[in-house]
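> What shape does this take:
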Amino acid sequence: MTEVEPNEAASDETGSEPEGAVIVAAVDTSGNASRVIEAATRLARRNWHGAQLNILHVYKTGMFDRAPPGGGHANELHEEARHYLDHHLRMAKRQCSAPVTGHFAVGDPVDEIVRLSDSVSADVILIGVHDASGLERLLLGSVAENVVRRARCSVFVVRNKQRPPKRA
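All right, here's what the predicted structure looks like:
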């Protein structure tokens, strides 16, 4: 089931479309999500005057879903996911003055990221990457990799910064 709901929609005072780019920042529950928000707000501040920032959090469902720890119910998990989105919305609003709109979706992250980027006519998608390997990558694939392949706009992949090894 797919459910996409705008959350705290921000609009231009005049009611007209923004002149700048439309940015979609997809956040998950990893520690890399804050880096995605930082990169998206930096793009909005420095590169596009009048940019519009859309923050998306997808509550993933699928055949590998696990029972929640402690026996929580699906409604509690949805509420927790919405709080997670709200946290990142507040973070984005503190970091830039561009209009910020939150979106919560339930379903496959790749499908929902591509669907939202199409519906808002995104100019760029920002997404974090996990360096999964082996069986996990074989079974599940990479969300970032699949978004890069399916998106109709540019995709900016945000990685954890890794320092090169020191030479002796």
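> who does the spatially most central residue of the chain bridge with?
Central residue of the chain (Cα atoms, centre = their mean): residue 26, 0.8 Å from the mean position. With DSSP bridges as the criterion, residue 26 is bridged to residue 56, residue 127.
> my read: it touches residue 39, true?
No. Using Cβ atoms under 8 Å, residue 26 makes no contact with residue 39, being 11.6 Å away. Backbone N, C-alpha and C define where each C-beta goes, glycine included.
> which residues are in contact with both of these two?
residue 126 (Cβ atoms under 8 Å, 6 or more residues apart in numbering).
> For this structure, which segments count as helices?
Assigned by DSSP state H, the helices in the chain fall at 33-46, 74-95, 109-119, 134-140, 143-150.
> now for those helices, which one comes closest to residue 59?
Smallest distance to residue 59 across the helices of the chain (Cβ to Cβ): 4.4 Å, for helix 74-95.
> Quick one: residues in contact with that closest one.
Contacts for helix 74-95 (Cβ under 8 Å, 6+ apart): 7-8, 25, 27, 29, 33-34, 37-38, 40-42, 45, 53, 55, 57, 59, 68, 100, 102-104, 106.
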